[in-house]
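Q: Need a 3D model of the sequence below.
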Amino acid sequence: MLSRAASLGGEVTVTARPFRIERTFSATLLPVKGVAIAVDPQSWSDYQIEEIKPHGAVVKKGEVLVKFDREGIDRKIADQRRAVEIGALALATQELAFSKFDEENKLRIEEAQHNSHAAAEELENFSKTEPKGAPSENAKQALEGLQAADRHAKIALEKATQDLPRALQTARLELEGARQGLDRAKADLAKLEADAKLMQVTAAGDGTFYYGAMDDGRWSPAEMARSLAKGGKVPLARSFATLVPPQPAGLDLEAIVDEGTARSLAKGAKGNATLDGREDLSFTAAIKSVGGTPGVDGRYRVQLDPDWEGHKPGEVPPDLELTAGMTMQCTFLIKQSDAAVVLPVKALRSAADGAWTVEVKLADGKTEARPVKRGRMSGGYVEILSGVEAGQVVTIPD
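A: Sure, this is the predicted structure:
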């Protein structure tokens, strides 16, 4: 931005010269209709790879992509089926016992009511028939026996009318618990049987099998490379591979950029894109969208529309032999001026009031702080919009 001849030992002479800001970043070609491959089981969690197609394999619809070791889940399903059968038999026995218990309780209560009524009636009849006057010793003993029998009968009736319904309710709750337990066992079996269908993943259509997810503007094969092999395990409920349809489905150009680059890019802006290794081929790329929210890594997603000359939007020239996962270098001109006043960034100092200042060298050799209005930055230099003029000398602090 400033020529070396313009600076001398911690001083720089202010000059007006061309100033430009460019943003260069790498973008990746991703499938427009890529099919994410994931295993999302309901209960089983051990999906260990037994066989897997190699990365980049061209496959046909219905072809097996991944086969998992199913020994463990088959054993678990067999155990669960036995548990369901045992539970069903135990429940049938419990239901029969409950129905009989209900009948028996009714009979016991009726029996207790009958015994209590009979004891009371016998005591009443004895009292009516006993001769008046001083009772004999035998009469006293008989009366005591009848009174005791009446009390025991009443106690037995009270216990029967209160305890037996409680016992019946307890049995009813236990029966309901057994029914629910069997329902849960059946549901667990159904989940396992559904999960067993995931032990083999087939291609939903023709295409190329890629390791790693291709979504949110990223392709992340590296983190999957070590686990996607025989004996490895796949992550659950998230993509671990992608099936890319044949080329006519189209490719998107997407990038993940830092915050500074994201702020510089505007929807509709056009830039230059070149293929890695084929820098002789240059294309125009327009910004389709810039993510407004950073990802968990603090970076932003940018979608671009490459303009392949002579082809419709989204259509990829077959002669370029482009495939998903390839990268392009994109360069966007953000700002350009033929004559801008620029200074090294380190020449500026922030003031207490939030302004920016530079030290301008006076004719007598002394310096004076001058407030300046700064513009954009590029390559360690900053555009100065006002505050200094061409020809003035600015000192640069160590």
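Q: Going along the chain, name the strands of the stretch 101-250 of the chain.
A: For the stretch 101-250 of the chain, applying DSSP state E, counting those that start in this stretch gives strands covering 200-202, 207-211, 213-215, 218-220, 241-244.
Q: Dump those strands to a markdown table, plus mean neighbour count.
A: Where C-beta positions appear, they are placed from N, C-alpha and C, glycine not excepted. Formatted as a markdown table, the strands of the stretch 101-250 of the chain follow (neighbours: other CB atoms under 10 Å):
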| stretch | mean neighbour count |
| --- | --- |
| strand 200-202 | 16 |
| strand 207-211 | 23 |
| strand 213-215 | 21 |
| strand 218-220 | 18 |
| strand 241-244 | 24 |
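Q: Mean pLDDT and distance to Asp338 added to these, as TSV?
A: Below are the strands of the stretch 101-250 of the chain laid out as TSV (pLDDT from 0 to 100; distance: least, CB to CB, whole Å):
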stretch	mean pLDDT	distance to Asp338
strand 200-202	97	59
strand 207-211	93	47
strand 213-215	84	43
strand 218-220	83	39
strand 241-244	92	46
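Q: Ok, which of the ones you listed comes nearest Thr15?
A: strand 218-220 (43.5 Å; CB to CB).
Q: Who are the packing partners of the closest one?
A: strand 16-31 (3 or more CB pairs under 8 Å, 6 or more residues apart in numbering; DSSP states H and E).
Q: Show me what counts as buried in the strand it packs on.
A: Phe19, Ile21, Arg23, Phe25, Ala27, Thr28, Leu29, Leu30, Pro31 (16 or more other CB atoms under 10 Å).
Q: Okay, Lys186 and Gln180: tell me how far apart.
A: 11 Å (CB to CB, to the nearest Å).
Q: do Ala171 as well
A: In terms of CB to CB, Ala171 sits 15 Å off from Gln180.
Q: same question, Glu321
A: For Glu321 relative to Gln180 (CB to CB), the value is 61 Å.
Q: wait, what's in contact with Ile109?
A: Ala160, Thr161, Leu164 (CB atoms under 8 Å, 6 or more residues apart in numbering).
Q: Is Trp356 bridged to anything, and to what?
A: Taking DSSP bridges as the rule, Trp356 bridges to Ser350, Val372.
Q: What count of nearby residues applies to it?
A: 17 (other CB atoms under 10 Å).
Q: Am I right that it is in contact with Leu348?
A: Yes - between Trp356 and Leu348 there is a contact at 5.0 Å, judged by CB atoms under 8 Å.
Q: what residues are shared contacts of those two?
A: Val372, Arg374.
Q: rewinding a little: lowest pLDDT pick from the contacts of Ile109?
A: Among those, Ala160 carries the weakest pLDDT, at 79.
Q: give me every residue that touches the closest residue to it other than its chain neighbours.
A: Residue nearest to Ala160 in three dimensions, not counting chain neighbours: Ala112, with 3.9 Å by CB to CB, 6 or more residues apart in numbering. Ala112 makes contact with Ala153, Ala156, Leu157, Lys159, Ala160, Thr161, according to CB under 8 Å, 6+ apart.
Q: How about Leu164?
A: When contacts are counted by CB under 8 Å, 6+ apart, Leu164 touches Asn105, Arg108, Ile109.
Q: May I see the buried residues of the helix or strand of the chain with the lowest mean pLDDT?
A: The weakest-scoring helix or strand in the chain, judged by mean pLDDT, DSSP states H and E, is helix 222-225 (a mean of 76). Buried residues in helix 222-225, counted by 16+ other CB under 10 Å: Met224.
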